[in-house]
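1. need a 3D model of the sequence below.
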Amino acid sequence: MARGELRIYLGAAPGVGKTYTMLEEAHRRAQRGTDVVIGLVETHGRRHTEAMIGDLEVVARTEMRYRGAGFTEMDLDAILTRKPELVVVDELAHTNVPGARNAKRWADVQELLDAGIDVLTTVNVQHLESLNDVVAQITGVEQRETVPDAIVRAAEQVELVDMTPEALRRRMAHGNIYRPEKIDAALGNYFRTGNLTALRELALLWLADKVEDQLDKYRADNKIDKTWETRERVVVALTGGPEGETLVRRAARIAARNKGADLMAVHVARNDGLNGADPARLAKQRVLAESLGGSYHLVVGSDIPQALLDFARAVNATQIVLGASSRNRLAQLLTPGVGVTTTALSGTIDVHLVPHERAGAGRRGRKLPAALSRRRRIAGFVAVAAGLPVLAALLSIGPGLSLTNDILLFLVAVIGVALIGGLWPALLAAVAGSLMLNYLFTPPVRRFTIAEGTNLLALAIFVVVALAVSWVVDTAARRTRQAAQAGADAQTLATVAGSVLRGERPLMALLQRLRETFALDSVTMLERGVLVAGVGTPACTRTADADAEIKVDDGLTMLLKGRTLAASDRRIVEAFAAQAAIALRQERLTAQAATAKPLAEADKMRTALLAAVSHDLRTPLASAKAAVASLRSDEVHFDDEDRAELLETADESLDRLTRLVMNLLDMSRLQAGALGVHPIAVGADEVVPRALDDLGPAGRTVIVHVPEGLPYLFADPGLLERILVNVVTNAQRYSPADRPPIITASALGRTVELRVIDHGPGLPEDRWDDVFLPFQRLGDRDNHTGAGLGLALSRGLIEAMNGTLRPEETPGGGLTMVLTLPLPPALTP
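-> All right, here's what the predicted structure looks like:
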C-alpha cells in the first residue's frame, strides 16, 4: 500500500489564513472527485473560516475525560475506519489530551499517512522545533507545542501562506482573528510590526532552505553536475600561505554584494598526509572566515585543482577565489599551476585570481628536514672513504672479472652507502667509484682514458644509475621522516583537542597541555603587554625574559619559558597559539553572554509587565470609572439599590486594582532583594480567616478544616495572608461551582502544612512548574482575569520565609497546592 502524501500550509503567525487556504484546497479536491473529509478544523470563532467548511463531510470528534474535565480530540480510529482519500487535520503541533493514543497530533498524521491517506494540515513557524528558541527571543513568548523539523521537511509539499505585517494587523484590528477584548493586548505585544516582520523572515528563510534541499535532491537524482546559479556561493581556496587573509576578505566582499550569498573557505590537503600548509595560519584564516559569516571546510585529494572543483560543484558554487601563483616565471612555463588549471576546468563557475604581495616571487617553502641524522651521514662518508678503496683492492688482487662485473659490484657499494648515509655520501661514492673504475679497471688501466666506446657507455650508465638510486633512497627516507613527523604532529593536536573539549576552561586546559607537551616551565599570554592567562612558574610577563615568543595577532602574544624551540616544534606551537586565541575569545563571549542573560531576563520581565499593565490595570480602572461616572451623572436617576450596586462595583474594582498593584510591587521587591520579611509565631486559625475575608463573598464558599491544637507556624502574617489569597483565588478559578476549594492544615515533623485543594481539571505533572512562571496561566486561555502573577509571587514570598509551595495531584481529579512553613525556633524539636 502506497504511503499517503502530506501537504503543509506554513504561516508566520496566527491569522494569516492557513486554515482558510487549506479548506479552499479541500473544496477544489472534492470538486475534482476526491473523497475528502474533515478530521479536525479549529475555527477559533472566525466566521469566515466556519463558513468555508461548507458541505464538506466532518468526522465527529471523540470525547475524552481528564482529571474530571471533558475534552474533544480528533477521532483517529473513525477516520481510519472511514478511510477517505484525503483528510483535513488542522494544527499539526497540537498536544493531545493525556490518554489519547498518541501524545502529539503530528503522530496521528503519521498514522494516517501510513494508512495511505493523504493529509492537508497547518503549522506556524513558531512551532518548528529548530526555531523555538529564536521565536522566544523575538516575541518573549516560549511556545510549548512544537513539531520536529524532520516531520515538516518530509512533507511532499510545503506552501507558505504569506501576509504583510500591516495587513495582518489590520485583520486583527477588524476583529477577524481574536475576540475584541484581546485585540489591544495582542497588537501591543505578539502582533507588533517588528515581531511579525521577523517571524515572516524566519518563515521565508526556513522555506527557502527546504526548497534548496529539494533542488539538491533533484540534481542528485538526475545526475546534474553543472552549477545552477539559484544563489550566489563564493568558495575561497586557502593554502595556508600569508596571502590567505587577503583572499578571505576579497571573497567576503564579493559575497556581500549579493544578498543572501554564502561564503565558504576550503583547504585541500594532500591525501598522502604530507601537508605543507602552516596550521597556525590556517587556524587564523578559519577564524577570519567564520567571523565574516562564512564556513570552513577541509577536503582531501591528490589532484588539488580537481578536488577544489569537485567541492565547488558539490555545493553548487558560482564563484571561486584563488590567489595568483607564487611560483616564478620559469616554474609557470614548465607547469600551468593550480590557478590556470582550475580556470581551464571550471566550466560555468567564475574564477577570480587575486594578486598579492607574494605573487610571482617564487615559493619560499620551509626548509625540509634532513632525511637522515648527522650520525648516519658521517657514517656514510666513512663508508665511502674506507669501503671503496677496500673494494678496489679486493678486485685488483682477486680473480680477474669483466668490467661489467666490476661496475655491478661498485653499484652495490653505492647503494649500500645510500642506505647508510643518504644522498650526499652516495653522490660522492658514485663519483669516486666512476673514477676508480676508469683508472683501475677500464683499459688502458692506470690512466684516465677509455679505449673502447662500450666501456664509456657502461661507466656513464653506472653514474646515472648510481645517482638515481641515491636520489630515490634519500627521497624515501625523507618522506618517511616527514610522515612520522606529520603523524606526531597530528597526535599532538588530537590530544590537545581532546583535553580542550573535556576541560571546563578550554584556554587553561590548552595552555597546560602545551606546557606538558614541550616540557616548558611556563606559558603565558599577553594582550598588549597585559597578562590575560598563564600556567606554570615563574610566569613570564616580559618578552626579554622569554625563551620563545609567538605572535598570535596584532595585540596577542604567547611567551614560553623553559627551553628554546626547534624549528619543527615552532609550527605546532603556533597552531597551539592560534587555538588559544580562539579559546580566549570564546571564554570572553561566554562571560558576556552570562552577563547579558540577567539583563535579557529583566527585559523579558519588563515586557511581560507592560503586557499585564496594558490590560489588567485598565479593566478595573474602566469598571470603577464607569461606576463613578454613572453615579455623578445628572442624566439618569438611580434608586438606592442601583446606587448600592454601582458603589459595590467600584469598590470591587478598586480592591482588585489594589491587589494587582501590590502583587506587582512585591514581585519587583522580590527580584530586587528588597522585600521586608518579619516572621513571627502565628496560628493558621488566625491567618486563614483573614485571607478569606479579603476575598469578600467568594471567600465564604471555601471549606476550612484547621484542627485545634495545631502548632504555631513561623511566618510573616501579612505575607502569608497574601499567599493564601492568591492560591485560593487560583483554586476558585478552576473549581466547579458545586465543589468549592478546601483548606486543610496539619503538622508534619518540624513544619506545618496548609493545603488548598481544588477539584478542577487539574494539570499534567510535567507542567506543574509552569504555573509558577510570571504572567503565565494554565493553557494561556484565561487572559482576561489577571496578570498571572499570583502563584509566581506566592512561591517567591513563601521561599523568602524559608517555606515551600508545591503542587500535588488531588485524588479524584484536581490540583492541590501545599504550603509548607517551619515551626518557630523555640518550638522546633
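2. switch to C-alpha atoms for all contacts and neighbour counts from now on
-> OK.
3. sec struct for residue 817, please.
-> For residue 817, the reduced secondary structure class is strand; criterion used: DSSP: H, G, I helix; E, B strand; the rest coil.
4. quickly note the distance from it to residue 771.
-> In this structure, residue 817 and residue 771 are 11 Å apart, going by CA to CA, to the nearest Å.
5. now do residue 69
-> Counting by CA to CA, the gap from residue 69 to residue 771 is 19 Å.
6. who has more neighbours out of these two?
-> residue 771 (19 against 14; other CA atoms under 10 Å).
7. list the residues that contact residue 471.
-> When contacts are counted by CA atoms under 8 Å, 6 or more residues apart in numbering, residue 471 touches residue 423.
8. my bad, residue 232
-> Taking CA under 8 Å, 6+ apart as the criterion, residue 232 is in contact with 255, 258, 260, 261, 262, 317, 318, 319.
9. one more time with 10 Å
-> With contact taken as CA atoms under 10 Å, 6 or more residues apart in numbering, residue 232 is in contact with 254-263, 316-319.
10. try residue 624
-> With contact taken as CA under 10 Å, 6+ apart, residue 624 is in contact with 618, 630, 646, 647, 648, 649, 650, 651, 652, 653, 654, 657.
11. once you drop chain neighbours, what's closest to the most centrally placed residue in the chain?
-> Taking CA atoms, centre = their mean, the centroid of the chain lies closest to residue 130, which sits 9.2 Å from it. The shortest distance from residue 130 to any residue that is not its chain neighbour, by CA to CA, 6 or more residues apart in numbering, is 6.6 Å, and that residue is residue 149.
12. correct me, but the one you found touches residue 126?
-> No: with contact defined as CA atoms under 10 Å, residue 149 does not count as touching residue 126 (11.4 Å).
13. just want to know which of the two has more residues nearby.
-> Counted by other CA under 10 Å, residue 149 and residue 126 do not tie: residue 126 has more neighbours, with 29 against 14.
14. and that one, what does it touch?
-> The contact partners of residue 126, by CA under 10 Å, 6+ apart, come to 11-14, 93, 132-136, 139, 141-147, 199, 202-203.
15. mind checking which of the contacts of residue 624 land in helices?
-> Per DSSP state H, helices hold the following members of those: 618, 630, 646, 647, 648, 649, 650, 651, 652, 653, 654, 657.
16. mind listing the helices for the stretch 701-829 of the chain?
-> With DSSP state H, counting those that start in this stretch as the criterion, the stretch 701-829 of the chain has helices at 717-734, 790-800.
17. mind saving the C-alpha coords of the shortest one as CSV?
-> Okay, so that is helix 790-800. Included here for helix 790-800 are C-alpha records, laid out as CSV according to Å, rounded to 0.1, in the frame of the first residue of the first chain:
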residue,chain,number,x,y,z
GLY,A,790,-0.4,35.1,41.8
LEU,A,791,1.4,31.8,42.0
ALA,A,792,4.7,33.1,40.9
LEU,A,793,4.6,35.8,43.6
SER,A,794,3.3,33.3,46.2
ARG,A,795,6.3,30.9,45.7
GLY,A,796,8.7,33.8,45.9
LEU,A,797,7.1,35.1,49.1
ILE,A,798,7.0,31.7,50.8
GLU,A,799,10.6,31.0,49.9
ALA,A,800,11.5,34.3,51.5
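18. begin at 26, not 1, for the rest of this chat.
-> That works, and once the first residue is 26, the last one we named lands at helix 815-825.
19. between it and helix 742-759, how many degrees?
-> 150 degrees (axes from the mean of the first three to the mean of the last three CA atoms, to 10 degrees).
20. tell me the mean pLDDT for helix 815-825?
-> Here helix 815-825 scores 80 as its mean pLDDT.
21. that one - contacts with which helices or strands?
-> Under the contact definition 3 or more CA pairs under 10 Å, 6 or more residues apart in numbering; DSSP states H and E, helix 815-825 sits against helix 665-697, helix 742-759, strand 829-834, strand 840-847.
22. after the helix or strand where residue 89 lies, next one along is what?
-> If you go by DSSP states H and E, residue 89 is part of strand 87-91. In the C-terminal direction, the helix or strand that comes right after strand 87-91 (DSSP H and E) is strand 94-98.
23. buried stuff in that following strand?
-> Residues residue 98 are the ones in strand 94-98 that count as buried (16 or more other CA atoms under 10 Å).
24. and it, what other elements does it pack with?
-> So strand 94-98, by 3+ CA pairs under 10 Å, 6+ apart, packs with strand 87-91.
25. go ahead and name everything in contact with the strand it packs on.
-> The contact list for strand 87-91 (CA under 10 Å, 6+ apart) reads 95-103, 122-125, 786-789, 838-839.
26. sorry, back to before: out of the helices of the stretch 726-854 of the chain, nearest to residue 551?
-> Evaluated with CA to CA, the helices of the stretch 726-854 of the chain place helix 815-825 nearest to residue 551, the distance being 45.6 Å.
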